[in-house]
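**Q** what shape does this take:
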Amino acid sequence: MNTKQLEDAVSEVSLFNQHLHLIQSVHTIPTPKMNWESIAMEPAPAMPTVRFDHKVKAMEALDEYNPNWLDMFLGSKSKLYTLTNNIERAAEKDIEQYKTEFVSWVQHYSYWAKDNQLSKGILNNDSGAKLSALSEAQQNPVNAAVVDTKLINHNFNTYKNGHLLEVNIQVNKHNVVPKEKKVLCQGEVKLETMPLSESNTLYREYVCSCILKCAQDAFNVLPETSVLINVEQVLADYSSETIVSCHVEQGLLEFLLIEDDKPSEILEFFVHIEDFNPHRGNGFSAIKTIFSPLPIAS
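**A** Residues are numbered from 1 along each chain as shown. Predicted structure coming up:
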């Protein structure tokens with residue numbers, strides 16, 4: 001075995017371990033904190049005007065030039081002729097610059113108007129505005145990595161009874177949790193079957209981490225003090241079932257995240273419903289969500 005083969009093997013095992021770490025620490029991927037009060041107070045970008053700065057300089061250059069008798073004979077080749085023509089070209093340059101600035105202003109004004117309207121809607125407790133802001137945040141460049149790697153599939157956001165934010169997500173164990181472990185053995189990568197209990201325990205940490213991530217997103221984007229998060233798992237036949245339903249409070253979450261606990265340990269402090277056994281199937285069994293309608297007695 002040469003050095004290159006050893007380095008490749010070490011790198012492969014390292015990447016595998018990094019993946020295991022990532023799926024248990026999704027909640028550590030930050031989402032920017034939004035300040036909607038500041039955004040609502042931000043003034044609109046000023047509309048550009050034609051300033052004719054280049055034309056003014058061209059006219060000043062012409063005024064400062066003292067024509068001589070050669071200009072009479074050189075005609076279109078004279079400096080006087082050039083300076084005079086420069087005024088027209090400078091004005092055209094000013095107009096082109098204005099057009100460019102105007103196009104840029106239209107784009108910036110559009111962004112400002114959208115953010116201004118959105119911020120005022122959120123500050124006025126408009127559910128539609130808040131849901132729109134949260135959906136956009138879930139797709140921002142920071143969270144795009146979470147989405148692209150299929151760690152979290154955002155299903156839909158809504159408001160339960162008009163006031164409690166409810167976030168619904170889907171997870172897929174088979175796309176995220178490996179069935180085999182990669183270990184380095186005598187300089188080579190060796191595959192070992194991951195025991196069911198270990199796979200399911202890893203799966204639970206991943207699910208709990210996703211819940212904490214979604215809760216932080218909601219609190220960083222919206223002026224909410226609590227959020228209900230429901231997790232659905234995708235089954236082999238592509239159907240889905242709810243496996244965890246958790247009510248997360250902002251103040252308690254901020255306090256708990258100071259500690260370096262496992263996601264499942266943090267989740268235990270919140271009101272939640274789950275039926276988990278590491279020694280069976282995918283670990284989770286289907287449950288009813290918090291605040292699910294009760295069956296009507298016959």
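**Q** pLDDT wise, what is P32 at?
**A** Listed pLDDT for P32 reads 86.
**Q** what's the neighbour count on it?
**A** For P32, the count of nearby residues is 11 (other CB atoms under 10 Å). Just so you know, the C-beta spots here come from the backbone N, C-alpha and C atoms, and that holds for glycine as well.
**Q** which helix or strand contains it?
**A** Using DSSP states H and E, P32 falls within no helix or strand.
**Q** now do the phi/psi pair for it.
**A** phi -60, psi 140 (degrees, to the nearest 10).
**Q** measure it to I290 for me?
**A** Distance, P32 to I290, by CB to CB, to the nearest Å: 29 Å.
**Q** what does L235 give?
**A** Taken as CB to CB, the span from L235 to I290 is 22 Å.
**Q** and the helices in this protein?
**A** 3-23, 36-41, 53-64, 69-74, 79-123, 127-138, 141-148, 173-176, 196-221, 250-256, 263-267 (DSSP state H).
**Q** for those helices, which one ends up most surrounded?
**A** Mean neighbour count (mean count of other CB atoms under 10 Å) peaks for helix 196-221 among the helices of the chain, with a mean of 22.
**Q** which elements pack onto it?
**A** helix 3-23, helix 127-138, strand 164-171, helix 173-176, strand 226-234, strand 240-249, helix 250-256, helix 263-267 (3 or more CB pairs under 8 Å, 6 or more residues apart in numbering; DSSP states H and E).
**Q** looking at these, which is closest to M47?
**A** The minimum distance between M47 and the helices and strands packed on helix 196-221 falls on helix 127-138, with 26.2 Å, by CB to CB.
**Q** export the closest one as PDB, just CAs?
**A** The C-alpha coordinates for helix 127-138 follow below in PDB (Å, rounded to 0.1, in the frame of the first residue of the first chain):
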ATOM      1  CA  SER A 127     -50.000  35.200   9.700                       C
ATOM      2  CA  GLY A 128     -49.500  35.200   5.900                       C
ATOM      3  CA  ALA A 129     -46.500  37.600   6.100                       C
ATOM      4  CA  LYS A 130     -45.000  35.500   8.900                       C
ATOM      5  CA  LEU A 131     -45.400  32.200   7.000                       C
ATOM      6  CA  SER A 132     -43.900  33.800   3.900                       C
ATOM      7  CA  ALA A 133     -40.900  35.100   5.800                       C
ATOM      8  CA  LEU A 134     -40.300  31.700   7.400                       C
ATOM      9  CA  SER A 135     -40.500  29.800   4.100                       C
ATOM     10  CA  GLU A 136     -38.000  32.200   2.500                       C
ATOM     11  CA  ALA A 137     -35.600  31.700   5.500                       C
ATOM     12  CA  GLN A 138     -35.800  27.900   5.200                       C
END
